[in-house]
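Enquirer: Prediction below, plus the sequence it came from.
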Amino acid sequence: MAAAYAALVSLTHTLDQILLHPPPTLDIIFDTDQIQSLRDKAEYFLVDFFENYTSSGGNKEMEDLETMIGDAAYEAEYIVEFNVMNQILGRSADARERSSDLLYGGVKISIREFLFIEKELVKFKKDMQRPNNYYLTTKASSSSSSRPVLPAGGKNKMVGFDNHMDEIMGALSTNNESNLRIISIVGMGGIGKTTLATNVFNNPFIVEHFQLRAWFTVSQEYTDKKILLGLLHQINNRYRNAHEIDNDDDDYEVGDRLHKTLFGRKYLIVMDDMWDIKACDMVKRFLPDNNNGSRILVTTRLMKLAVDIGSCCPYQLNLLEKSQSWDLLREKIFAEERCPDELEGTGKSIATKCRGLPLALVVIAGVLAKSKTEEHWVSIEKDVTSVVNNQDDEFCMKILLLSYNNLPIHLKPCFLYFAVFPEDHIIKAERLVRLWVAEGFIRQCGHKSLEEIGKEYLEDLIDRNLILVHWRSVTGVKACNIHDVLSNLCRREAKKDNFILSFARKFYNPDILTFMKITPRLSINGGKWKGTKHKPYTSQIPTRSLLCFSKGASTDYTARRFPLLRVLHVVDIYPKDEILQLINSRYVSCMGSMMLPSSISRLWSLQTLFVYGELILPGEIWQMPQLRHVVANSIILPDPPPPDNVQKIILLENLQTLSGVVDFECTEAVINRIPNVKKLEIVCGTIGSNCLRNLGLLHKLEQLNLELITGTSCCGEIVFPSSLKVLVLSECKIPWEDMSVVGSLPYLEVLELQKNGAVGQKWIPKEGEFTRLKFLWIHKCELEIWEADNTHFPCLEKLYLGYLNLKEIPLDFDEILPLRAINLDHNSSNDLWASANEISERRKNLGYDALYVQSLTFAVLEIWVKRGINLAVGGGDPYVVITMANQVSCSYF
């Protein structure tokens, strides 16, 4: 289902590119009406099939339809892109005309194929509407998974959740809130929500506190009547036997009996494994608010659901720490006995590899307990994730698969895409979303950009507890990752759908492509293919995406081998001549400096160009309106060529990111060509008196990194667009008394003043400015006296100060309620440290949230440290993360 949906959405993007945004300098010949007809067919299946029907497996007819639609979409897009590529590369008019004829004939066949599938879909829909339909009856009968399960008495071993249990029991039993309240426990599958709820439910204090208690496991498929009956059976002995209730009773009659049974009594209802808010709303209709402290306790994997239904903030369960993981594993294996010394080291390593997931720890404990020998434990340690997923008839995998099956169709391809990344890989959110866009997974919706929609998709996956936040700043999620067991689930489902093939060094098999019809996406996490002999058919395998995450792994993957490649992500220096052959490429990311020739404009679909090194661009870059993101360590950007005709000026209206441009010409001609840019990182050299005023013309700009070359001053007035949310200034030398030009920005959340970003001895902010500022970093600037109070920065959360002569932080900052951290460099004066500590102490005395005062180390590179090993990557993003042996000492907005 996910693969077919993704193929259809990608096809619509390709057809829209031809219909709505054909390359202005390339003469592509096509029949507009025919391409529009194909586009309409794709839209029909997206709306009429994928958005109205969902398959959780078991219905052969539906699965066959999905396969047919996916294959037809793949083939149609192949026909279009292959013949467009041949038109662009055609050396003569006759060659281009032949490609045009082939395009027409191929699209005609694709439309015919879609018409055939449409007829099959009509038959399928008629069958679905018949009484006793196989799919409907199967789905209804499977609702028995929704069941009343009264937890066994006693106490299951819990590790790490004692504080949660105390807080939940307090919330259940408090006398301060007598009205009926809903309390929710939320977390990923297998994290211990049900175990925690069970321990609460069976606690003697809770048993004594409530007159009536009932537990119902809702699960994904349920009927209202089964839930109501399940609760009624537990609460009232009279209805213990289902036959006591007339099967003809409707939901209201059963609910009314439940209401009468509970009326006037103090009760606790637990609804375990909730997936749909409708179930909670339905039950709540029949639960009386006796104003006596009755409670509903809900467990769910969905944060949005927990927030929507809860009367108070949800209790979010997090993964266990390393020590807690070992405690739980040891207890499950040895109970009260001591672990032998020779097993402890291996045991702790296995516990760590479970990455804090209680379900994985419990499953692996069962395996380890079978043979408490060093040899057995060492063999398990080699591949913990596989053992966990395959044990007990894939018990763990089945539990986690529920989360995947519950995803709406538009999120499934995005989730499966995590299969391309190596285990434990930290994924930059911005790059992930750009890859989703390039793959064609994101459907256009209203006036939002594809990237904005993609960020919402990522937040949704996080709220569903499928993706882990590695780092969230004041401006949103910056980096994420996925738990190993879920990563394994992704790879399995992606391989089953032929959606992604992911190879690691240990599973490496270069001959597999020889036997495959289509390999849409290929991920190489180690190793490379050398000396592989391919049959003539496989010399041009229709692989659309190639992602390599280890150096040397991409040297054998040439454009001649993958001519229709759309996504190229490698950590090698990749020959530019090869890149220029990838006519259909949407996303290119590679290492090494590169000077691109004019033929770059032939890449008619290129959206993202990311180069770790110097990037020298030709004037033809201004003729590529489909560009969305251009990023490099340094970019040499030529001026736009003067047009022969004003009407022929090409605007880069899709360009959102331009990062790393040196000696940027901030002229009106340049600024007007990039009207919708959202992120601009530039270094300006010689500038005219009114040059920086032109920045105010960028009405969509949200992040600006502006550096002036040393010795240059801001001649004339500087104007920042009011849309700015993030501003980073270096060598701009704005006098502190003129800082209103920054403080008056209405949406500014992050301000970083790097070396000489501002000058002067004294800063007295004006009232009514910096009203939304959450993060302030002042580094290597002239500043000795800072006079301000809590009204000047009412939303400030983090303050970073480095290499300043500042004597004191304004003490009135103690009353800035959101303030959480003050970071000072180790060279800061004793007086500055003293003022920071005094602010922290005063907040404590006032009863406010804790304020952390800590030492800060500055760096110019983004530094990720994984398990004590430094990996430094120069990048364009204006932040620094320094991690030493897994201890974060600095995280920048």
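Expert: The structure has been received and is ready for your questions.

Enquirer: the strands in the stretch 601-750 of the chain, which residues?
Expert: Under the criterion DSSP state E, counting those that start in this stretch, the stretch 601-750 of the chain contains strands at 608-616, 629-636, 657-662, 679-684, 703-708, 726-730, 734-735, 750-753.

Enquirer: any chance of those strands in JSON lines, plus mean pLDDT and mean neighbour count?
Expert: C-beta here means a position set from N, CA and C on the backbone, and glycine is covered the same way. Output for the strands of the stretch 601-750 of the chain, formatted as JSON lines (pLDDT from 0 to 100; neighbours: other CB atoms under 10 Å):
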{"stretch": "strand 608-616", "mean pLDDT": "96", "mean neighbour count": "21"}
{"stretch": "strand 629-636", "mean pLDDT": "96", "mean neighbour count": "21"}
{"stretch": "strand 657-662", "mean pLDDT": "95", "mean neighbour count": "21"}
{"stretch": "strand 679-684", "mean pLDDT": "94", "mean neighbour count": "21"}
{"stretch": "strand 703-708", "mean pLDDT": "94", "mean neighbour count": "22"}
{"stretch": "strand 726-730", "mean pLDDT": "96", "mean neighbour count": "23"}
{"stretch": "strand 734-735", "mean pLDDT": "92", "mean neighbour count": "16"}
{"stretch": "strand 750-753", "mean pLDDT": "96", "mean neighbour count": "23"}
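
Enquirer: want to throw the ones you listed into JSON lines with distance to Tyr252?
Expert: Shown next, in JSON lines, are the strands of the stretch 601-750 of the chain (distance: least, CB to CB, whole Å):
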{"stretch": "strand 608-616", "distance to Tyr252": "55"}
{"stretch": "strand 629-636", "distance to Tyr252": "55"}
{"stretch": "strand 657-662", "distance to Tyr252": "56"}
{"stretch": "strand 679-684", "distance to Tyr252": "55"}
{"stretch": "strand 703-708", "distance to Tyr252": "55"}
{"stretch": "strand 726-730", "distance to Tyr252": "54"}
{"stretch": "strand 734-735", "distance to Tyr252": "68"}
{"stretch": "strand 750-753", "distance to Tyr252": "54"}
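
Enquirer: Which parts of the stretch 251-400 of the chain are strands?
Expert: Applying DSSP E, counting those that start in this stretch to the stretch 251-400 of the chain gives strands spanning 267-274, 295-300, 315-316.

Enquirer: Could you find the closest non-adjacent residue to Asp663?
Expert: Distances taken as CB to CB, 6 or more residues apart in numbering place Gly685 nearest to Asp663, at 4.7 Å, with adjacent residues excluded.

Enquirer: Which pLDDT value goes with the one you found?
Expert: At Gly685, the model reports a pLDDT of 76.

Enquirer: Correct me if wrong: it contacts Glu731.
Expert: No: the criterion here is CB atoms under 8 Å, and Gly685 misses it with Glu731 at 11.0 Å.

Enquirer: quick revisit: format the strands of the stretch 251-400 of the chain as JSON lines; extra columns: distance to Ala360 and mean neighbour count.
Expert: Formatted as JSON lines, the strands of the stretch 251-400 of the chain follow (distance: least, CB to CB, whole Å; neighbours: other CB atoms under 10 Å):
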{"stretch": "strand 267-274", "distance to Ala360": "19", "mean neighbour count": "24"}
{"stretch": "strand 295-300", "distance to Ala360": "19", "mean neighbour count": "25"}
{"stretch": "strand 315-316", "distance to Ala360": "19", "mean neighbour count": "18"}
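
Enquirer: Distance to Phe201 and mean pLDDT added to these, as a markdown table?
Expert: Converted to a markdown table, those look like this (distance: least, CB to CB, whole Å; pLDDT from 0 to 100):
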| stretch | distance to Phe201 | mean pLDDT |
| --- | --- | --- |
| strand 267-274 | 6 | 93 |
| strand 295-300 | 8 | 94 |
| strand 315-316 | 15 | 93 |
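
Enquirer: In JSON lines: the ones you listed, plus distance to Ala419.
Expert: Shown next, in JSON lines, are the strands of the stretch 251-400 of the chain (distance: least, CB to CB, whole Å):
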{"stretch": "strand 267-274", "distance to Ala419": "26"}
{"stretch": "strand 295-300", "distance to Ala419": "25"}
{"stretch": "strand 315-316", "distance to Ala419": "26"}
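
Enquirer: do you know which of those strands lies nearest Arg843?
Expert: strand 315-316 (24.9 Å; CB to CB).

Enquirer: any weak-confidence spans in the stretch 701-850 of the chain?
Expert: Within the stretch 701-850 of the chain, the ranges that satisfy pLDDT under 70 run 710-716.

Enquirer: repeat that for 80
Expert: By pLDDT under 80, the weakly predicted segments of the stretch 701-850 of the chain are 710-717, 826-827.

Enquirer: Name all residues that make contact with Glu97.
Expert: Residues near Glu97 by CB atoms under 8 Å, 6 or more residues apart in numbering: Ile29.

Enquirer: Please name the nearest non-neighbouring residue to Val200.
Expert: Nearest to Val200 is Ile168, by CB to CB, 6+ apart, at 5.5 Å.
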